[in-house]
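Q: Give me the fold of what follows.
(one chain, ligands or ions: 1)
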Amino acid sequence: MTVAQSPPRPLDDGLPQLRATLEDADGLLLCLDFDGTLAPIVDDPNAAVPSERNREAVASLAAAPSVTTAVVSGRALSDVRERIDGPSIYAGNHGLELARRGSIAVHPVARKRAARVDRVCSALEDSLASVPNCRIENKRLTGTVHVRSVPPAAESVVRRRTREAVDRFGGDALEISLGKRILEIGPDVPWGKGQAVELIAADVSPETVVVYIGDDVTDESAFRAVEPDGVGVRVGNDDPSSASYRVRAPADVAAFLSWLGSTGTGLVE
Ligand SMILES: O=P(O)(O)OC[C@H]1O[C@H](O[C@H]2O[C@H](CO)[C@@H](O)[C@H](O)[C@H]2O)[C@H](O)[C@@H](O)[C@@H]1O
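A: Numbers count the residues shown, from 1 in each chain. Have a look, this model is predicted:
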């Protein structure tokens, strides 16, 4: 179902309705983005860690019998798993790899195109080596070019060289998408966080409430996957989104997770 984009409302406005919905539900499926949602955005991607309150709240909700928790991240699966403990499900590389029920599923086309991603990342390591603070994150199925700390005057060079490398080694097989101060290089396939969330949600009872919290462009497909029956919460401003609700920052995510853990709905012991 198509969900129109409009400015999300402050989450506080939706809490009474969500409490009532939870009271009638069998369980809660809580899907969480990582960077910008559980972990504040920082200059160095290797330094990103969840806030202590988010770490504790996720661990507590993950231990509750009626709650299924999933982290759905643009990071490599192996990377994001090391950054946050507790969830029973992890999706990495924007849903191209999915760990659940003791095994890992990898999108078959993405797997085939990993060699091309690797070639693009290697080429960019060389061609962008002289650009200050330009980081290349090779995530195997996708690659990220970080421009957050690149001098503004050098940004156009980074974008041009990234385009050239993708054209040269990727052809029509790879595409570039944008995120928060990043260029994402990945397989040109109709698969993203939204499809991963649909797969995850297909495994829980229809009476389960699905909540997705995220802050970036790739989270929009996940909001569309859960809305309107479930609840999308965008972390950020009130720019149009497919999420119904918003909070401002990861600190507010922690407050919401704590609220979920103490609603008295019986979902959380
Ligand atoms: O889906 P997510 O879990 O939000 O991952 C999206 C990207 O997050 C990371 O980059 C972002 O966070 C960095 C650390 O705060 C920041 O420096 C960067 O500017 C942000 O775009 C991660 O490094 C990427 O691989 C993810 O795709």
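
Q: Mind listing what's buried along stretch 39-50?
A: Buried residues in stretch 39-50, counted by 16 or more other C-beta atoms under 10 Å: 39, 41, 45, 48, 50. Every residue, glycine included, has its C-beta placed from N, CA and C.

Q: what's the farthest-apart pair in those residues?
A: Farthest pair in the buried residues of stretch 39-50 (C-beta to C-beta) is Pro45 and Pro50. Separation: 14.0 Å.

Q: which residue does the chain bring closest to the ligand?
A: The nearest approach of the chain to the ligand comes at Gly74, 2.6 Å away (C-beta to the nearest ligand atom).

Q: Excluding chain neighbours, what is closest to that residue?
A: His94 (4.9 Å; C-beta to C-beta, 6 or more residues apart in numbering).

Q: what about the one you found, is that helix, strand or coil?
A: helix (DSSP: H, G, I helix; E, B strand; the rest coil).

Q: ok, now the one 4 residues further on?
A: Reduced to three states with three-state DSSP, the structure at Leu98 is strand.

Q: per-domain residue ranges of the chain.
A: 9-107+191-261, 109-187 (automatic domain parsing).

Q: so which of these is the most packed in?
A: domain 9-107+191-261 (a mean of 20; mean count of other C-beta atoms under 10 Å).

Q: Tell me the gap between it and the middle of its chain.
A: Centroid separation for domain 9-107+191-261 versus its chain: 8 Å, with C-alpha atoms, centre = their mean, to the nearest Å.

Q: Next, the distance between the ends of that domain.
A: 22 Å (C-alpha to C-alpha, to the nearest Å).

Q: residues in contact with Thr162?
A: Contact partners of Thr162, counting by C-beta atoms under 8 Å, 6 or more residues apart in numbering, are 124, 128, 145, 176, 183, 185.

Q: change it to 10 Å
A: Listed by C-beta atoms under 10 Å, 6 or more residues apart in numbering, the contact set of Thr162 reads 120, 123-124, 127-128, 134, 136, 143, 145, 147, 176, 183, 185.

Q: The residues you listed: which two are farthest apart?
A: Pairwise distances across the contacts of Thr162 (C-beta to C-beta) peak at 16.9 Å, for the pair Ala123 and Val147.

Q: contacting residues around Asp252?
A: Asp252 neighbours (C-beta under 10 Å, 6+ apart): 10-12, 213, 233, 235, 246.

Q: just Ala196 next, same as before
A: Per C-beta under 10 Å, 6+ apart, neighbours of Ala196: 31, 70, 72, 89, 91-98, 105, 107, 221-222, 225.

Q: Give me the phi and psi angles of it.
A: Here is the backbone geometry of Ala196 (degrees, to the nearest 10): phi -60, psi -40.

Q: do Ser262 as well
A: Dihedral angles of Ser262 (phi, psi; degrees, to the nearest 10) stand at phi -140, psi 30.

Q: Could you see whether the ligand lies near stretch 99-118?
A: No - Stretch 99-118 lies out of reach of the ligand by C-beta under 6 Å from any ligand atom, never closer than 12.5 Å.

Q: Tell me the spatial nearest neighbour of Ala251, not counting adjacent residues.
A: Nearest to Ala251 is Ser51, by C-beta to C-beta, 6+ apart, at 6.7 Å.
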